[in-house]
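Student: Turn this into a model:
(one chain, ligands or ions: 1)
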Amino acid sequence: MLDKKRIAPRVGIVLGATVLFTYLLMVMGTFVTSTGSGLACPDWPLCYGTVVPPLELAIWFEWSHRLLGGITSSLILVSTFVVWRYYKGLPRVFTSLMLSLLVVGVLLGGITVLIEAPLLSTFAHVAIISSHLIIATLVLICLLFTLRYVLLSKGKAKGTVTGAKGTRGYFRLLFGAVYLQVVLGIVVRYSGATLACPDVPLCGGKIIPDFSSYMVALHFTHRVSAVLILILAAALLYRAVKEGSGARSFAIALTLILFQATFGILIVVTQMFLPVIILHAATGFMLLGFLAYQSVPEFFRLKLNGEQERSVETS
Ligand code: HEM
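Tutor: Reported below is the predicted structural model:
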């Protein structure tokens, strides 16, 4: 007979490791593309027709990224297997979705390499390389949804909704806003709009720029939306403190957003200093993951601290 109390933490460890590897893979992807090593291996899935490519720094960055991708994909397969083995209901839905996304993501990754540099400036290429990372964010979200759900099913996750009023869907709201902002950031990056507004806080010396190109519009929208997200997070923290519910988690979210905005400003001020670019991406993905994890009880109407409004189905 299955001892569910013992299984949940073990499945949690497998899922937790997969979350960590997926996150590292995403940050490393930023590093690889920022150092211009993204197309260092001209072929795929091999690199220069071999498993062990020539000893050159850019090639090894790209090759290590692929290796990490292979390990992460294997972990995703193992996670899906153990979840399907021990759980039914939503965890199965999340992991199936994740697996489908992984297949699409791997194919897109391959296509990105195979279509190579001549198409780099075309809209199709921007769409493909952006969607590769956008898919990675969706995989991360599916993993965190599954992890939280599995841990909650055995009352292992620590509660943040403690007051009678709860957080009323505010994490969900912030998560949605940050997700759109992350997608926008990814498009800013891959459309080459990183310095479309070359100054900060103004854009091209103006409060409202001329919108001379779609890149200026993308970059400017990313900034305005960062300000709106900051205001929203501060207001939600204020409310949470007043209502005595979820204040700690909103404080963490606001802190991450403040760091994120600072790194974003520094990208422009330093004219794309590599460590700042990496920090902006790493904090952005962390913020997204944190909010995805926090919003699970709101999305699926689960009460924390062991109690469940709707039963969490486990086999
Ligand atoms: C809530 C706040 C913010 C979030 C969640 C966010 C998120 C992101 C993400 C996920 C990316 C893609 C990173 C990558 O793939 O490497 C990005 C790119 C970018 N963001 Fe933000 N961002 C925020 C605020 C800002 C601010 C305030 C600025 C500037 C004033 C800014 C400027 C940029 C720039 C220039 C890029 C392109 C970076 C590159 O080309 O590598 N961001 N953002």
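
Student: Please count neighbours and contacts with C-alpha atoms only from this point.
Tutor: OK.

Student: Assign a three-state SS to residue 55, would you?
Tutor: Secondary structure, DSSP: H, G, I helix; E, B strand; the rest coil: residue 55 is coil.

Student: and the gap between it and residue 63?
Tutor: According to CA to CA, to the nearest Å, residue 55 and residue 63 sit 10 Å apart.

Student: Tell me which of the two has more neighbours.
Tutor: residue 63 (22 against 8; other CA atoms under 10 Å).

Student: how far out from the middle of the chain is stretch 54-63?
Tutor: Relative to its parent chain, stretch 54-63 has a centroid offset of 26 Å by CA atoms, centre = their mean, to the nearest Å.

Student: What average pLDDT does stretch 245-254 get?
Tutor: In this model, stretch 245-254 has an average pLDDT of 94.

Student: Which neighbouring elements make contact with the helix or strand where residue 83 lies?
Tutor: Per DSSP states H and E: residue 83 is located in helix 57-86. When contacts are defined as 3 or more CA pairs under 8 Å, 6 or more residues apart in numbering; DSSP states H and E, helix 57-86 sits against helix 4-34, helix 90-115.

Student: Mind checking the pLDDT average for that helix?
Tutor: pLDDT averaged over helix 57-86 gives 91.

Student: Pull up the residues of the chain that are close to the ligand.
Tutor: Residues of the chain lying near the ligand by CA under 6 Å from any ligand atom: 30, 178, 181-182, 185-186, 188-189, 194, 223, 226, 229, 257, 260-261, 264-265, 267, 277, 281, 284.

Student: thinking again about what came up before, lowest average confidence across the helices and strands packed on helix 57-86, which one?
Tutor: Among the helices and strands packed on helix 57-86, helix 90-115 carries the lowest mean pLDDT, a mean of 84.

Student: now the angle from the next helix or strand after that one to helix 4-34?
Tutor: Downstream of helix 90-115, the first helix or strand assigned by DSSP H and E is helix 123-153. Inter-element angle recorded for helix 123-153 and helix 4-34: 160 degrees (by axes from the mean of the first three to the mean of the last three CA atoms, to 10 degrees).

Student: Give me the mean pLDDT for helix 123-153.
Tutor: 89.

Student: I'd guessed residue 184 sits against residue 222; true?
Tutor: Yes. Counting by CA atoms under 8 Å, residue 184 touches residue 222, with 6.4 Å between them.

Student: picking that back up, could you pick out which of the residues of the chain next to the ligand are located in helices?
Tutor: Cross-referencing these against helices under DSSP state H gives 30, 178, 181-182, 185-186, 188-189, 223, 226, 229, 257, 260-261, 264-265, 267, 277, 281, 284.

Student: Show me this structure divided up by domain.
Tutor: 1-157, 159-307 (automatic domain parsing).

Student: quick revisit: buried stuff in the helix holding residue 83?
Tutor: Using 16 or more other CA atoms under 10 Å as the test for burial, helix 57-86 gives 58-63, 65-66, 68-69, 71-73, 75-80, 82-84, 86.

Student: before we move on, the earlier item: possible to save the helices and strands packed on helix 57-86 as CSV with mean neighbour count?
Tutor: Formatted as CSV, the helices and strands packed on helix 57-86 follow (neighbours: other CA atoms under 10 Å):
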stretch, mean neighbour count
helix 4-34, 19
helix 90-115, 18
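
Student: could I get those as JSON lines with distance to residue 168?
Tutor: Formatted as JSON lines, the helices and strands packed on helix 57-86 follow (distance: least, CA to CA, whole Å):
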{"stretch": "helix 4-34", "distance to residue 168": "27"}
{"stretch": "helix 90-115", "distance to residue 168": "22"}
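
Student: Any idea which of those gets closest to residue 49?
Tutor: Comparison of these against residue 49 by CA to CA identifies helix 90-115 as nearest, at 13.2 Å.

Student: Could I get the full set of helices for the stretch 201-315 of the chain?
Tutor: Secondary structure of the stretch 201-315 of the chain by DSSP state H, counting those that start in this stretch: the helices cover 214-243, 247-269, 274-299.

Student: can you put those helices in JSON lines and add distance to residue 148 and mean neighbour count?
Tutor: Shown next, in JSON lines, are those (distance: least, CA to CA, whole Å; neighbours: other CA atoms under 10 Å):
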{"stretch": "helix 214-243", "distance to residue 148": "22", "mean neighbour count": "18"}
{"stretch": "helix 247-269", "distance to residue 148": "15", "mean neighbour count": "19"}
{"stretch": "helix 274-299", "distance to residue 148": "6", "mean neighbour count": "21"}
